[in-house]
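K.L.:
What would the 3D arrangement of this be:
(2 chains)
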Amino acid sequence: MLSVLVFAASQLLPGDIGRNVLGPFASPNDVKALDHQLGVDRPIYVQYGAWIGKLAHGNLGMSLEYKVPVASLLGPSLVNSLKLAAVAFVLVVPLSIVGGVFAALRRGHWLDRLITLTGLSLTAVPEFISAIVLILIFGLLLNWLPVTAASPADADAVTQIRYLILPGLALVMVLFGYIARMARAGTIEALESDYTRTAFLKGLDTATVIRRHVLRNSLLPTIAVIATQMGYLIGGLVVIEKLFNYNGIGQRIYTAALNKDFTMLQSGVLVVGIVYLTATLLADILYSLLNPRIRYAGVE
Amino acid sequence: MSTVATIVQPSEIRIARRETRRQLLRSKTFMAGVIIIAFWVFCAIFGYRIAPHDPLSQAFPQLQGLSRAYPFGTDQLGRDVFSRVLAGARDILIVAPLATLLGVVGGTTIGLVTGYFRGLTDDVISRIVDAVLSLPLIVIAVTVLVALGHSTLTVIVVIGLVFAPIVSRTVRAAVLAERQLDYVSASRLQGERAPYVMFVEILPNVFGPIVVEATVRLGYAIFAVAGLTFLGFGVQPPSPDWALQIADNYTLLGAGTYWWTVLFPALAIISLVVAVNLVADGLARVFGR
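P.N.:
Numbers count the residues shown, from 1 in each chain, chains lettered A, B, ... in the order given. Next up is the predicted model:
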């Protein structure tokens, strides 16, 4: 389904691929020859079949722009992006869960209102704006962190992570609101439930009740929302990677789009879709592992 | 319809509406949001006229710091940042609301149809919706904009089309709850056609969730348009659009100075999106969602 969608989208692209590659001064014959060589003069369903056939063998085709296999360019970029996403992820998950649970425990208190409204507002601010503000504060005013994402070539892991903190934080600011809101709602629901009341009534202290009864149940919806936000995260990478000039998959898609490098664009978008679906699947599995109520439901 | 119902209903509705309005007016955060939005709408209309300098003119000294003549400094092309911030509200306040409108109208229609008919129509449309939602908006938008060439109209249509399925989910959920109610069966038993039941009977009753969803979507639309503009696929130069100002000047940040060229347009966008979200939050509270 996804592959059809991606392929259909890229077929919308202006038909004359050979002309785009060779530029406006190439002779019509050369253009025709290249079109034939690339196979884009064949009917659409034949092209789709060929494309899918190659995909099945892990062959993403050649980049029109760089004349090298797409995979050799996308691979390293994907790794870079995953590094950045991992930094954002490691920062946002504990931060927003603690924030959300804390707000829920102080429900109605001004701190709750503050966390909720801050989260809501941060979520709404475009990521490149948050990034600019972060750069101004931490990069220029305080001079704590580097303002580019690409670390020097031979940098060790710690330095690499240092370079990724600012772009990661920009993504964190967008995601924090969603996840914290979900964690808060889940915790409130769990706090109001009968089993929590029972746990309190049988004399357990607050910390134990929260750890053993409330958190286990409140974090389930949170995991679900984290998975859906993975899709956003990848989209956010396009903007953030451009802003910080970081060679990731988002930057690849962006330059491919600018240069009309259709094979690259196609593969990049497909990879993004696959990453998203994988993330969703992993979250589903994690969800069912943590939730005994649906653990056997899928098996029938 | 019985005479009692026709007499009682309107006044009840009016009382309910008055109560809603009162609740909204009492909410400080909601009113703060409304005031900020009103300010930017005013700037969108009159910005070019109230700006102290011509927002498009490059006649000023380049990269001047803050001074009385240039309260927010000037950018690298010698344009007055203060004037550009005032005038920069226009494009985004045209593009984002139109995209939202398209998304909400389309989404409401899809939601009404899928929620009302269910069955096969529902299944097919829901699958398509799922497929569309599995790709991030910015990636879809960039791909389509490259394919069709970027114009303001394309930006509006792309964002609207991506929003429609998202809105349809909310509307569908609301319709599913409504269609169980007696007034829907009554109307159907009266022999009303499906479009009449959907748009005249059900639609007014799911209006609350739709209004809330529309405000939330407006926030996302501003988010998306700003992001696309920053990438170069949205509003085009020489517009003094805020995101465009940032895109023009952010590369200067590495040098460590010239912060005013990006900070003020950034603050403008932040104030606008936060205001929209305060309004959305206020509406969601009142409509009880």
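K.L.:
roughly how far apart are A:K202 and A:S218?
P.N.:
20 Å (Cβ to Cβ, to the nearest Å). Bear in mind the C-beta positions are built from the backbone N, C-alpha and C, glycine included.
K.L.:
ok, these two, which is more surrounded?
P.N.:
Comparing A:K202 with A:S218 by other Cβ atoms under 10 Å in any protein chain shown, the one with more neighbours is A:S218, at 25 against 8.
K.L.:
so that one is in which element?
P.N.:
helix A:215-243 (DSSP states H and E).
K.L.:
Sketch out the low-pLDDT regions of chain A for me.
P.N.:
Residue ranges of chain A with pLDDT under 70: A:1-68, A:147-155, A:231, A:292-300.
K.L.:
Break it into its domains for me.
P.N.:
Structural domains annotated on chain A: A:2-56, A:73-290, as defined by automatic domain parsing.
K.L.:
any idea which of those domains is most buried?
P.N.:
Mean neighbour count (mean count of other Cβ atoms under 10 Å in any protein chain shown) peaks for domain A:73-290 among those, with a mean of 19.
K.L.:
What separates the first and last residues of that domain, distance-wise?
P.N.:
Using Cα to Cα, to the nearest Å, the end-to-end distance of domain A:73-290 comes out at 38 Å.
K.L.:
does that domain come close to chain B?
P.N.:
Yes. Under the criterion of Cβ under 8 Å from any Cβ of the partner chain, domain A:73-290 makes contact with chain B via A:117, A:120-121, A:123-129, A:132-133, A:135-136, A:139-140, A:147-148, A:231-232, A:234-236, A:238-239, A:242-243, A:253-254, A:257-258, A:260, A:265, A:269, A:272-273, A:276-277.
K.L.:
Drop everything from those residues that is not in helices and list the rest.
P.N.:
Counted as lying in helices by DSSP state H, out of the residues of domain A:73-290 next to chain B, are A:117, A:120-121, A:123-124, A:127-129, A:132-133, A:231-232, A:234-236, A:238-239, A:242-243, A:253-254, A:257-258, A:265, A:269, A:272-273, A:276-277.
K.L.:
which non-adjacent residue is nearest the residue in the stretch 201-300 of chain A that chain B sits nearest to?
P.N.:
Closest approach between the stretch 201-300 of chain A and chain B, counting by Cβ to the nearest Cβ: A:G235, at 2.7 Å. Spatial nearest neighbour of A:G235, excluding adjacent residues (Cβ to Cβ, 6 or more residues apart in numbering or on different chains): B:P136 at 2.7 Å.
K.L.:
The one you found: what's it in contact with?
P.N.:
A:G231, A:Y232, A:I234, A:G235, A:G236, A:V238, A:V272, A:Y276 (Cβ atoms under 8 Å, 6 or more residues apart in numbering or on different chains).
K.L.:
Relative to A:R113, which of those is nearest.
P.N.:
A:Y232 (25.1 Å; Cβ to Cβ).
K.L.:
quick one: the nearest residue to the closest one once chain neighbours are set aside and A:T222, what's the gap?
P.N.:
Excluding its sequence neighbours, the residue lying closest to A:Y232 (Cβ to Cβ, 6+ apart) is B:P136, at 6.1 Å. Distance of B:P136 to A:T222, computed by Cβ to Cβ: 21 Å.
K.L.:
wait, B:L176 sits on B:F117?
P.N.:
No. Taking contacts as Cβ atoms under 8 Å, B:L176 lies outside contact range of B:F117: 11.3 Å.
K.L.:
who touches both of those two?
P.N.:
Counting by Cβ under 8 Å, 6+ apart, nothing touches both B:L176 and B:F117.
K.L.:
All the helices of the chain, in order from the start?
P.N.:
Chain wasn't specified; assuming chain A. A:2-11, A:17-22, A:28-38, A:44-56, A:70-105, A:110-124, A:127-134, A:157-191, A:194-201, A:206-208, A:215-243, A:249-259, A:262-290.
K.L.:
wait, I meant chain B there
P.N.:
According to DSSP H, the helices that chain B contains are B:3-26, B:28-50, B:81-87, B:89-117, B:119-133, B:137-148, B:152-178, B:182-189, B:194-196, B:207-231, B:242-249, B:260-286.
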